[in-house]
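Chemist: Sharing a model prediction with you, sequence too.
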Amino acid sequence: MIRLERRLEPSRLWTVLTPLLAVALTMLAGGLMFALLGKPPLEAIRTIFWDPLFHPQFASYSRPQLLVKAGPLILIAIGLSVGFRAGIWNIGAEGQYIMGAVCGAAVGLAFYPSDSALLFPLMVVAGGLGGWAWAMIPALLKTRFGTNEILVSLMLVYVAQNILASASSSWLRSPEGMGFPGSRNFKQWPAVHNAELLPETGMHWGVVAALIAVIAAYVLLARHIQGFNIRLTGEAPRAARFAGVSPARIIVLCLGISGTLAGLAGLFEVTGPAGQVTIDFNSGYGFTAIIVAFLGRLHPVGILLAGLLMALTYIGGELAQLMLGLPGASIQLFQGMLLFFLLATDVFTNYRIRLSRREVA
Amino acid sequence: MDPVLLVASIMVSATPILLAALGEMVVEKAGVLNLGVEGMMITGAVMGFAVAVGSGSPLLGFAGAALAGAVLSLSFGLLTQYLLSNQVATGLGLTLVGLGLSALIGSSFEGLRAPSLPKLDLPLLGDLPVLGPMLFRHDIMVYVSLALVGAVWAFLKFTRAGLILRAVGENHDSAHALGYRVVHVRLAAIAFGGACAGLGGAYVSLVRVPQWTEGMTAGAGWIALAIVVFASWRAFGVLLGAYLFGGVSVLQLNLQAAGTTVPVELLSMSPYLITIIVLVIISARGVHGAPGSLGRPFHAAA
C-alpha cells in the first residue's frame, strides 16, 4: 500500500526538481494532445520550445519577443508571489493591469502633444497608482469587512474590462482615429513611447522594471523584516499574530505591491508593445502570471526563469500556429496543464512516499 | 416591459448559475473549496453543445455536459485529495485548463446552431392566465434545477448520507476518527459539483444563448461561488441568490436594449458590482456558516 508521510521540512531537492518534472510531463501530455489533433508531436514540441530561439529564419524576429512577453509576466508574477507567500490570493491582477494601463494612458493623453521629458515618468507613476488603487478595493474590503479577496479581486477584472471598453470606445478614443475604437498611438509620440532600449533585444523599460522587481522582492523576502512577516503570516498565521504582526497591514502591503506592479506592467505594455489602449490589448497576462508565480515556486529567481519559459510558450505557440496550423487555444491548454502537473508533482516536496504492507489493526 | 416576460426571462437567466452554485454548495459542505467552477462550466458548455449538435438531442447534450464536468472535476479531486495540493491554486488551474480545453474543442463549433430544447407546456398549469406563461411554460432544465434545490436541501437535512457529508465538511479529523471515508465522500461531492457546473454551462450554450462562443460563460462560475457565500451555505439561499442575480442581469440587458442614457459599459459591469456589494454586506453582517474544514487539506496521519 502506498502511504504519504509528511516531511518535517519541504525537500530542497524536490523544490527545484518539481518544475522540471512538470515541464517534462507537460511536454509528454502536450505531445499526446498534438498527436490527437493530427499534428506531428515532436515537431510541435520543437517548434514551441526550440525554434523561437534557434530557428535560422525566425529566431532573429522571435528572440527579442522573449523579453517583450516575459517582462510583464515576471513583473506581475513577482507581485502576486509576495501575496501568495502570505496566503493572500489576489487573482485579479488582470484587472489591476488594465487599470494601470488606462490610468497611465489617460494622464499622458491629457498632456498631448507635450514633449516634456517628465511626462513618461509621470505616466509611470499614474500607472502604478492605478493598479495600486484597484488592488486597494479588495484589500480594504477584506480588512474592514472580512470580504473574500479572491472573489472581489476577480469580479473587479470584469469591471475593469468594461472600463477599458468604455475608454477605448469613448473617452480615450483618438480624435484622429476616423471613429475607430482605440486611443492615440503612443508609438507615434516619441516623448512617451516606451521603445526598445537596446536594438534587437526587446528590452524596454518594463523589462528593466521586472528585473528591479526581482531583485527587490529577493531582498524583501530574504533580508527585510516585512518580508519575514509576510512569510510568517503565510506559514503560521497564529504565530504571526502572537508576534505582533498586524494581519490588516500585511493584507494592504501585499495587495498594494501586487497591484502596483501589475499596474506598471499595464502601463509599460500599452505605451510599448501594444502601442495604444484598445479593447483587447490585455491578452490575459494577469492570469498567466499566476502560473508563472507557482512555476517559479513563489521565489523571485524562480519566477524570472518561469517567466522566460512561459514567454517562450507564447512565442512558440504563435510560431506553431503559423507553421503547423496548431489551434491557438491549444497553447492556453498547454499552459494550464503545466500548472496542473506542477501542483500534482509538488506532493514530493512536502511528503515522502512510503511503500508498506497494510498493517493489521 | 411586460412583467410576465420579465419573470420568465429571469428564470432562464438564473438557471445556469443556480445549477453551478448548488453543486458548489455541496462541494463546500463537504469541506472542499473548488475554485474551478468557471472552468467546469465552460467545459460543460462546449461538450453539451458538441454532443447536442452531433446527436441532435439536447437532452443527450446535457448528459454529456454533466459527464464532462464530473470528469474534469475529478482531476481536481485527484490532485487535492490524493496528492494533497493546495485547493485554491488547483481550482484556479482547473479554470485555466477548462478555458483552454473548451476553446480548443469549440473552435470547430463556432457559428453552428444547437437543436433547441422544447418548452414544456404543462397541462392545466400552463393555461393559467398570468402565471401560466410566467412559470409553467419553461424547458425541462428549469424545473430540474428547481427540483434539485429541494433535493439537495432534503439530502443534507434528512438523510444519513447528507449528515455524513456535513460531518466530513465540519471536522474531517473527527469524521475520520468515526470511520467515515473522508476522501471518498469528498470525491463524490466534487464529482456532483462538477456535473452540476457542467449542466449549468450547457444551459448557457444550449438554451440561453444558444450558440457556442469562446469564453461565453463570462464569469458565471465565479458568480456562482459568490452566491454560495451569499447563501450562507443553504440550498434555498442559493435559489434566492441565483434568482436575484438573474434579475439584475435581465434588467441590465433590458435597459441596454431600451437604449437608456446610462452607458452600456456601466450596465454590463453592474452584475459584478452588485455581487461585490452583496458580498460586502454578507461579510459585514458577520454571519458566516462556512463549514469548519473548508479548504483545509486532509491527511490522515497513520
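Modeler: Okay, I see it.
Chemist: Show me the helices in the stretch 101-250 of chain B, by range?
Modeler: B:131-135, B:140-158, B:160-170, B:172-177, B:182-203, B:220-230, B:235-258 (DSSP state H, counting those that start in this stretch).
Chemist: Looking at these, spot the one closest to residue A:180.
Modeler: Closest approach to residue A:180 among the helices of the stretch 101-250 of chain B is made by helix B:235-258 (22.0 Å; C-beta to C-beta). In short, each C-beta sits where N, CA and C put it, glycine included.
Chemist: Write out the residues of the stretch 101-250 of chain A neighbouring chain B.
Modeler: A:141, A:145-148, A:150-152, A:154-159, A:162-163, A:165-166, A:170 (C-beta under 8 Å from any C-beta of the partner chain).
Chemist: how about a cut-off of 6 Å?
Modeler: A:141, A:145-147, A:151-152, A:154-155, A:158-159, A:162, A:165-166 (C-beta under 6 Å from any C-beta of the partner chain).
Chemist: ranges for the strands of the stretch 251-361 of chain A?
Modeler: With strands called from DSSP state E, counting those that start in this stretch, the stretch 251-361 of chain A shows them at A:351-355.
Chemist: picking up where we left off before, of the helices of the stretch 101-250 of chain B, which approaches residue B:74 most closely?
Modeler: helix B:182-203 (5.7 Å).
Chemist: Under the pLDDT cut-off, which ranges of chain B? List them.
Modeler: B:1, B:287-288, B:301-302 (pLDDT under 70).
Chemist: Low-confidence stretches in chain A?
Modeler: Short version for chain A, where the test is pLDDT under 70: A:1, A:356-361.
Chemist: re earlier: who wins for most neighbours among the residues of the stretch 101-250 of chain A next to chain B?
Modeler: residue A:154 (30 neighbours; other C-beta atoms under 10 Å in any protein chain shown).
Chemist: who's in contact with that residue?
Modeler: Residues counted as contacts of residue A:154 (C-beta atoms under 6 Å, 6 or more residues apart in numbering or on different chains) are A:91-92, B:222.
Chemist: cutoff 8 Å now
Modeler: A:91-92, B:219, B:222 (C-beta atoms under 8 Å, 6 or more residues apart in numbering or on different chains).
Chemist: So which of those wins on neighbours?
Modeler: residue A:92 (32 neighbours).
Chemist: contacting residues around residue B:145?
Modeler: So residue B:145 contacts B:15, B:18-19, B:22, B:199 (C-beta under 8 Å, 6+ apart).
Chemist: do you know how far the residue most central in space within chain A is from residue A:64?
Modeler: Central residue of chain A (C-alpha atoms, centre = their mean): residue A:289, 2.3 Å from the mean position. Distance, residue A:289 to residue A:64, by C-beta to C-beta, to the nearest Å: 21 Å.
Chemist: Same check on residue B:284?
Modeler: 50 Å.
Chemist: who's more crowded, the two?
Modeler: The neighbour comparison of residue B:284 against residue A:64 (other C-beta under 10 Å) goes to residue A:64, with 19 against 12.
Chemist: residue contacts, the more buried one?
Modeler: Contacts of residue A:64 by C-beta under 8 Å, 6+ apart are A:196, A:200-202.
Chemist: wait, isn't the residue nearest to the centre of chain A in contact with residue A:69?
Modeler: No - contact criterion C-beta atoms under 8 Å: residue A:289 and residue A:69 do not qualify, at 11.4 Å.
Chemist: list residues touching both of those two?
Modeler: By C-beta under 8 Å, 6+ apart, no residue touches both residue A:289 and residue A:69.
Chemist: Straight-line length of stretch A:194-204, end to end?
Modeler: With C-alpha to C-alpha, to the nearest Å applied, stretch A:194-204 spans 6 Å between its terminal residues.
Chemist: Check which residues of it are buried.
Modeler: By neighbour count on 16 or more other C-beta atoms under 10 Å in any protein chain shown, the buried set for stretch A:194-204 is A:194, A:196, A:202-204.
Chemist: count of neighbours near residue 259?
Modeler: As the question left the chain open, I've gone with chain A. Residues contacting residue A:259 under the criterion other C-beta under 10 Å number 33.
Chemist: ah, I was thinking of chain B
Modeler: Using other C-beta under 10 Å, residue B:259 has 8 neighbouring residues.
Chemist: what does the one 4 residues further on give?
Modeler: Here the neighbour count serves as a burial measure; for residue B:263 (other C-beta under 10 Å) it reads 16.
Chemist: residue contacts, it?
Modeler: Counting by C-beta under 8 Å, 6+ apart, residue B:263 has contacts A:166, A:170.
Chemist: Next: residue A:71.
Modeler: A:204, A:206-207, A:209-210, A:265, A:268.
Chemist: tell me the two of those residues that are most distant?
Modeler: A:204 and A:265 (11.4 Å).
Chemist: show me where the stretch 101-250 of chain A has helices.
Modeler: A:119-145, A:149-166, A:205-223, A:225-235, A:237-242, A:247-271.
Chemist: so residue A:89 is in which element?
Modeler: Per DSSP states H and E, residue A:89 falls between elements, in no helix or strand.
Chemist: How about it: what's its closest non-neighbour residue?
Modeler: Spatial nearest neighbour of residue A:89, excluding adjacent residues (C-beta to C-beta, 6 or more residues apart in numbering or on different chains): residue A:150 at 4.7 Å.
Chemist: Share the number of residues neighbouring that neighbour, please.
Modeler: Residue A:150: 23 neighbours (other C-beta under 10 Å).
Chemist: And it, how far from residue B:270?
Modeler: 21 Å.
Chemist: buried ones in stretch B:57-69?
Modeler: Quick answer for stretch B:57-69 (16+ other C-beta under 10 Å): B:58-59, B:61-69.
Chemist: so which of those comes closest to chain A?
Modeler: Closest approach between these and chain A, by C-beta to the nearest C-beta: residue B:68, at 14.5 Å.
Chemist: so the closest one, which of the three states?
Modeler: helix (DSSP: H, G, I helix; E, B strand; the rest coil).
Chemist: sec struct for the closest residue to it other than its chain neighbours, please.
Modeler: Nearest non-adjacent residue to residue B:68, counting by C-beta to C-beta, 6+ apart: residue B:47, 3.8 Å away. State at residue B:47, reduced to three classes by three-state DSSP: helix.
Chemist: Around chain A, which positions in the stretch 151-300 of chain B sit nearby?
Modeler: Close to chain A, as judged by C-beta under 8 Å from any C-beta, the stretch 151-300 of chain B has residues B:214, B:218-219, B:222-223, B:225-226, B:229, B:263-266, B:268-269, B:272-273, B:275-276, B:279-280, B:283-284, B:286, B:299.
Chemist: Helix, strand or coil: sort out residue B:289 for me.
Modeler: Quick answer, by three-state DSSP: residue B:289 is coil.
Chemist: returning to what we had before: just say which of the helices of the stretch 101-250 of chain A is most tucked in.
Modeler: helix A:247-271 (a mean of 27; mean count of other C-beta atoms under 10 Å in any protein chain shown).
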